[in-house]
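[1] Based on what follows, work out the 3D shape:
(3 chains)
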Amino acid sequence: MSYLAYLTGVAFLIWAIVPLFKKDSTWVSLYVEADELADRKQRVYGNIADLEFDFAMGRLSEKDFNSIRASFLSEAGRVIEKIEGQKTAGLMDRIQNDLSNLGKKTKAKKKIKKQSNCPSCGSENLPEAKFCMKCGKELS
Amino acid sequence: MADLGNILLFFLFPISVFTALTAYAAGVTKRRGLLEAARRGAYAAFAVTTLAVLALEYLLVTSDFSIEYVASNTNLALPLFYKMVALWAGHNGSLLLWTWIVTMFSAIVAYQHRHKNNDIMPYVIFTIAITMTFFSVLSVFIANPFETLYQEIGNTLQEFAVQDGRGLNPLLQHPAMIIHPPILFIGYVGSVVPFAFAIAALITGKLGTGWIHTTRRWALTTWGFLSVGIVLGGKWAYVELGWGGYWAWDPVENASLLPWLTATAYLHSVMIQERKGMLKVWNMALVISTYLLSVFGTFLTRSGIVSSVHAFANSGLGPAFAVFIGLSTILSILLLLYRRKDLKPDEEMESLVSRESGFLFNNLLFLLATIAVLWGTLFPVISEIFTGDQITVGPPWFNNIMIPIGLALLLLTGVGPLLAWRHTSVETMKRSFGYPILGSVVLVIILFFVGVKDGWALGSFAISFFVMWTIVVEFIKGAMVRRKNSGENFLKALYMLSRKNTRRYGGYIIHVAMVVMFIGFTGNAFNSETRAEVAEGDSFQLGPYDFKAIEIIHDQNDNYSAETLIMEMSRNGRLISTISPQKRYYFASEQPSTEVDIYTTLREDIYAVLSGMSNDGEKVIVQVYRNPFVSMVWIGAFILVVGTLFAMLPNYRESKSGGAK
Amino acid sequence: MNKNKLKFVIGSVVIILAVILLAVQGMEEDTTMSYSKSVSEVHMLGERAKSLTLKVNGDLKKGSIVRNNLDLDFTIVEGNSELEIHYIGKDPIPDTFNNEMDAEVIVSGKLKDDGIFHAERIQAKCASKYEADYTSPEV
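    Okay, the predicted model is just below:
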């Protein structure tokens, strides 16, 4: 009976060891800065959504609401410019559009490009990036 | 079968070590093959532990009394069901259960993230594998449930089997006790997942909210299980220990409360990090403490360092746990120090009257509560070190400090959500709080004239009323705002509103649960009791209730013999029920056990205990408690579960075209 | 430090001080704190023992339990020191409590001038017997 147990244990160990001998490849990690920017974008959008909710529930005056909202919007603009690495036209319209679609279904699952690799240096960048975070070359 | 289990369990040790090593190597080299090997290691660990658990179950069910654990915790006459759950009746078995849950969670986490988060996963698996290694060492080498019984014959030790086991502790033969340990353990062990992600974030330097989002459901699930586990423990103490209450600030109870306090603090403070980028270090510290306190809780119940009514034996596991907890604490602190520059807050506090400051005070109170409970629990140890006297602080000390903290926290659940982020003006505060405050004041005046004179109770009722009012208004107002924008009817709007932000409204439901439970706790201020020695035909009184002893029955079956007192209970002269407390004597374990009888209404419990026979055997001593509002505690716990489940639902997403705004 | 931060710090300090005050005020020698002692240690304390709330542990002396209606008297021993206990509490007496049992008992209460210990609570340690000391099994 007990040899069966040894057999089972050893079999599991071998099964776990096998991948070590397979042909191997490495992954490249996403830049910490890129992560942080994505984080900040999410935070600003979340803040604006909360602000609008609080205002609708009558928790802050219209004056406060407008001034705080304006400062959030400009922050959102700064973050997006940083992510994309360039000044973009119609930025405010895009943000407004993003905001009104917040918490709604995105139409048909777009092919999600997880990361985009820089053609010149190979580093990975956020999907929406237009310029490489590392070498500054344009991404295709 | 014992060999089989033992050998399989033994394999957990090399597999855990292998998993930890390959995971760490994968993190450093970023090689996919290594990560895959670590993942498989996690699956393999789960597989061998599962087989070992099944082997132990087999031994328990077939009553193999050559195994010490089986002989100590079961006997032949024990019903099959109780034989099965004896897996967690003793500490070797419950340690195996702990280990098994750790391996299960690590396998689940490895599987969930098999295609994503490659950067942090190696360190997540590494952290869990270290925990796994520690528990495998305990289960295999220190507290092995497969140990056989030995007997000295001449100079050699020989295995032997006993005819019948000692049986399951009668106190544990109760439904709540059957599910309480696994649920509490899932809560304890679950904290390892957020902990592992936090440690991975610290190691890799990916300190954004990524790890928080990834572990949100884990943290919430863990918290839910911990809450339910604590309440079930209370329920068990209430119906089984026979002293008329459910919470006595006993070390073992405190041990389960401690990680709950820090976990609750964490669930609130993450929101500040998400919105303001503050408290990054603090959130890490909370997640780490929750995990350490969970291990500490296991340690406290299993080491006998502080004596407790739950009275687990000193098992020699103490030093191992102390070393593990000590090392984990030191390493975590070093990691936090190492990353302290990257954990600076992005923004500053702006106003004392704002949502974030509400959260901050909430966290301060939870922190103080944690420290207070920890201090009180460890006071016998602390005082012995400093004064040489082992001094225990009793429930009055805990109540004195925890009632004000609890009420302050309850008050915050009403105030906090109504404050806006950043700054709330005086005008809007007046609008939000005017009527609820007025209502609470009126309630206090009414209650005072009805006869409630206890200050804490009045405060508690007033705050409960205030919080309930504000939460209900939140739901109604939100629904009305939505109705105006979308044109849905009120109920549809209410539903859609909460489905679109399950976290916020699930949270509110949990707040309601806390209010209901606090009403239950407040009932303790009005408890009353009486004790009587009665023969058949005698009667006595408690408040408006009359009790008449009808019959004393002597009875027995294979498992135990029993004495039952049957009483008729009437209220204001009208017969409402019979109530029959019982006393049992279990043959196998040679232990008596009290079976209380409880008559429950929403308003109060009538709780009867048969505390003993008189000398001549003709009379019995019966104790009756009248405990108002106890059922509120259990109802509150039920609402809490509903709220937690609701908060875990994914947010409902409307399609882009439909719906206004 | 800006003004808002200062306000917050003041608020926090007030709360922390309040909690510390509650903790200190709750530590009263005669009510909330109890000293854990064994039977022989109680005798060594001498007169001081009478001013403290004590938690005394010892073994139940077999056959010493005397019940008289709702009253209960018994003796606990440790080596050759003994302590007479008079139970004045209201809670039901623990299950392990009868004259045939080997029970380790913890009583909480106060030592009175007549040398009899008035116990408000009795705990009998029993669950631990299920573990560890698995003694004299029949073959």
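
[2] Might one say that B:G27 is in contact with B:P122?
    Yes: proximity of B:G27 to B:P122 meets the contact threshold set by CB atoms under 8 Å, at 3.4 Å. All C-beta spots, glycine's among them, are computed from the backbone N, C-alpha and C.

[3] which of those two has more neighbours?
    It is B:P122, of B:G27 and B:P122, that has more neighbours when counted by other CB atoms under 10 Å in any protein chain shown, with 27 against 24.

[4] so that one, which of the three states?
    For B:P122, the reduced secondary structure class is helix; criterion used: DSSP: H, G, I helix; E, B strand; the rest coil.

[5] I figured it was touching B:R31, is that so?
    No: using CB under 8 Å, B:P122 is not in contact with B:R31; the gap is 9.6 Å.

[6] Return every residue with contacts to both of these two.
    B:A25 (CB atoms under 8 Å, 6 or more residues apart in numbering or on different chains).

[7] Enumerate every residue touching B:N118.
    Applying CB under 8 Å, 6+ apart, we find B:N118 in contact with A:W27, A:S29, B:K30, B:R32, B:L35.

[8] filter those residues by proximity to chain C?
    Residues shared between the contacts of B:N118 and the neighbourhood of chain C: none [CB under 8 Å from any CB of the partner chain].

[9] quick one: which of the residues you listed is most hemmed in?
    B:L35 (25 neighbours).

[10] tell me the average confidence for whatever helix or strand it lives in?
    Following DSSP states H and E, one finds B:L35 within helix B:32-61. On average, the pLDDT along helix B:32-61 is 93.

[11] cool, stretch B:293-313 as well?
    If you average the pLDDT values across stretch B:293-313, you get 65.

[12] sec struct for the nearest residue in space to C:I76 that is not next to it in sequence, please.
    Setting aside the residues directly before and after it, C:I76 is nearest to C:G58 in space (CB to CB, 6 or more residues apart in numbering or on different chains), at 3.5 Å. Taken by three-state DSSP, the conformation at C:G58 corresponds to strand.

[13] C:G58 pairs with what?
    Per DSSP bridges, the residues bridged to C:G58 are C:V105.

[14] Neighbours of it, how many?
    Once other CB under 10 Å is used to define contacts, C:G58 is seen to have 23 neighbours.

[15] got it, and B:L649?
    B:L649, neighbours per other CB under 10 Å, totals 13.

[16] And for the one 5 residues further on?
    The tally of other residues near B:E654 (other CB under 10 Å) stands at 17.

[17] What of B:G573?
    Here the neighbour count serves as a burial measure; for B:G573 (other CB under 10 Å) it reads 7.

[18] need the contact list for the residue nearest to it when sequence neighbours are not counted.
    On the basis of CB to CB, 6+ apart, the spatially nearest residue to B:G573 that is not a chain neighbour turns out to be B:D546, at 7.3 Å. Applying CB under 8 Å, 6+ apart, one finds that B:D546 lies in contact with B:S539, B:F540, B:M569, B:S570, B:R571, B:G573.

[19] Whichever helix in chain A runs longest vs chain B: in contact?
    Using DSSP state H, we find that the single longest helix of chain A is helix A:32-56. Yes: using CB under 8 Å from any CB, helix A:32-56 reaches chain B at A:32, A:35-36, A:38-40, A:42-43, A:46-47, A:50-51, A:54, A:56.

[20] how about the strands in the chain?
    Answering for chain A, as no chain was given. Taking DSSP state E, the strands of chain A run over residues A:116-117, A:124-125.

[21] Please refer instead to chain C.
    Listed in chain order, the strands found in chain C under DSSP E are C:33-38, C:54-60, C:66-68, C:71-78, C:81-87, C:104-111, C:117-125.

[22] any chance of the ones you listed in TSV, plus mean pLDDT?
    Output for the strands of chain C, formatted as TSV (pLDDT from 0 to 100):
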stretch	mean pLDDT
strand C:33-38	80
strand C:54-60	83
strand C:66-68	73
strand C:71-78	83
strand C:81-87	86
strand C:104-111	82
strand C:117-125	78
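
[23] Go through these and name the closest to B:S227.
    Among those, the nearest to B:S227 by CB to CB is strand C:117-125 (27.7 Å).

[24] partner strands of that closest one, parallel or antiparallel?
    By DSSP bridges, strand C:117-125 pairs with strand C:81-87 (parallel), strand C:104-111 (antiparallel).

[25] Tell me the buried residues in the shortest one?
    Right, strand C:81-87. Applying a neighbour-count criterion of 16 or more other CB atoms under 10 Å in any protein chain shown, the buried positions in strand C:81-87 are C:E82, C:L83, C:I85, C:H86, C:Y87.

[26] Tell me the one among the residues you listed nearest to chain B.
    Relative to chain B, the closest of these is C:Y87; by CB to the nearest CB it sits at 11.4 Å.

[27] so that closest one bridges to which residues?
    The residues paired with C:Y87 through beta bridges, assigned by DSSP bridges, are C:L72, C:A119.

[28] Surely it and C:D71 touch.
    Yes: using CB under 8 Å as the test, C:Y87 is close enough to C:D71 to be in contact (7.2 Å).

[29] thinking again about what came up before, in CSV: the contacts of B:D546, plus distance to B:F448 and secondary structure.
    Written out in CSV, the entries for the contacts of B:D546 read as follows (distance: CB to CB, whole Å; DSSP: H, G, I helix; E, B strand; the rest coil):
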residue, distance to B:F448, secondary structure
B:S539, 35, strand
B:F540, 32, strand
B:M569, 31, strand
B:S570, 31, strand
B:R571, 26, strand
B:G573, 30, coil
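
[30] Which among those count as buried?
    Judged by neighbour count, with 16+ other CB under 10 Å as the criterion, the buried members of the contacts of B:D546 are B:F540, B:M569.

[31] So which one of the contacts of B:D546 is the model least confident about?
    If you rank these by pLDDT, B:G573 sits at the bottom with 85.

[32] Now do the phi/psi pair for that one.
    The main-chain torsion angles of B:G573 are listed as degrees, to the nearest 10 and equal phi 90, psi -10.

[33] where's it relative to C:H118, distance?
    B:G573 is 39 Å from C:H118, where distance means CB to CB, to the nearest Å.

[34] Buried ones in the longest helix seen in chain C, by neighbour count?
    For chain C, the helix with the greatest residue count under DSSP H is helix C:3-26. Applying a neighbour-count criterion of 16+ other CB under 10 Å, the buried positions in helix C:3-26 are C:N4, C:F8, C:I15, C:V19, C:L22, C:A23, C:G26.
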